[in-house]
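Trainee: Give me a model of this one.
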Amino acid sequence: MESNTAARRTEDIALDLLKFVASQANVGSKSTGSTGFGLPTSPKAEDQVTHLLELYARCREAVEAPVAKK
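Mentor: Okay, here's the model as predicted:
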């Protein structure tokens, strides 16, 4: 049962990391910058979802990576 709890914990940490990275990088935001500069077309919703899922997978890898002991 502990392994289930530990797995859930790493998933939660990875999700929190995803939220942080996405907010800092403006991933998934619909608006352009306040200066008005930006790409003329916004990415499709499917592309945004795919990008977020890939980012979540990378966050999971980072969280689950073994820590090197010094």
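
Trainee: switch to C-alpha atoms for all contacts and neighbour counts from now on
Mentor: Noted.

Trainee: Quick check: pLDDT value at V21.
Mentor: Turning to V21, the model gives it a pLDDT of 90.

Trainee: Distance of F20 relative to T5?
Mentor: Shown here: F20 relative to T5, a distance of 23 Å by Cα to Cα, to the nearest Å.

Trainee: and what of L17?
Mentor: 18 Å.

Trainee: Near E46, how many other residues are there?
Mentor: 9 (other Cα atoms under 10 Å).

Trainee: Just the element for it, please.
Mentor: Using DSSP states H and E, E46 falls within helix 45-64.

Trainee: Could you list the alpha-carbon positions for that helix in PDB?
Mentor: C-alpha atoms of helix 45-64 as PDB (Å, rounded to 0.1, in the frame of the first residue of the first chain):
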ATOM      1  CA  ALA A  45      -6.400  23.300 -28.700                       C
ATOM      2  CA  GLU A  46      -5.300  19.800 -29.600                       C
ATOM      3  CA  ASP A  47      -1.700  21.000 -30.100                       C
ATOM      4  CA  GLN A  48      -1.800  22.700 -26.700                       C
ATOM      5  CA  VAL A  49      -3.100  19.600 -25.000                       C
ATOM      6  CA  THR A  50      -0.400  17.500 -26.700                       C
ATOM      7  CA  HIS A  51       2.200  19.900 -25.600                       C
ATOM      8  CA  LEU A  52       0.900  19.900 -22.000                       C
ATOM      9  CA  LEU A  53       0.900  16.100 -21.900                       C
ATOM     10  CA  GLU A  54       4.500  16.000 -23.200                       C
ATOM     11  CA  LEU A  55       5.500  18.500 -20.600                       C
ATOM     12  CA  TYR A  56       3.800  16.500 -17.800                       C
ATOM     13  CA  ALA A  57       5.700  13.400 -18.900                       C
ATOM     14  CA  ARG A  58       8.900  15.300 -18.700                       C
ATOM     15  CA  CYS A  59       7.900  16.600 -15.200                       C
ATOM     16  CA  ARG A  60       7.200  13.000 -14.100                       C
ATOM     17  CA  GLU A  61      10.600  11.900 -15.400                       C
ATOM     18  CA  ALA A  62      12.300  14.700 -13.500                       C
ATOM     19  CA  VAL A  63      10.400  14.000 -10.200                       C
ATOM     20  CA  GLU A  64      11.000  10.200 -10.500                       C
END
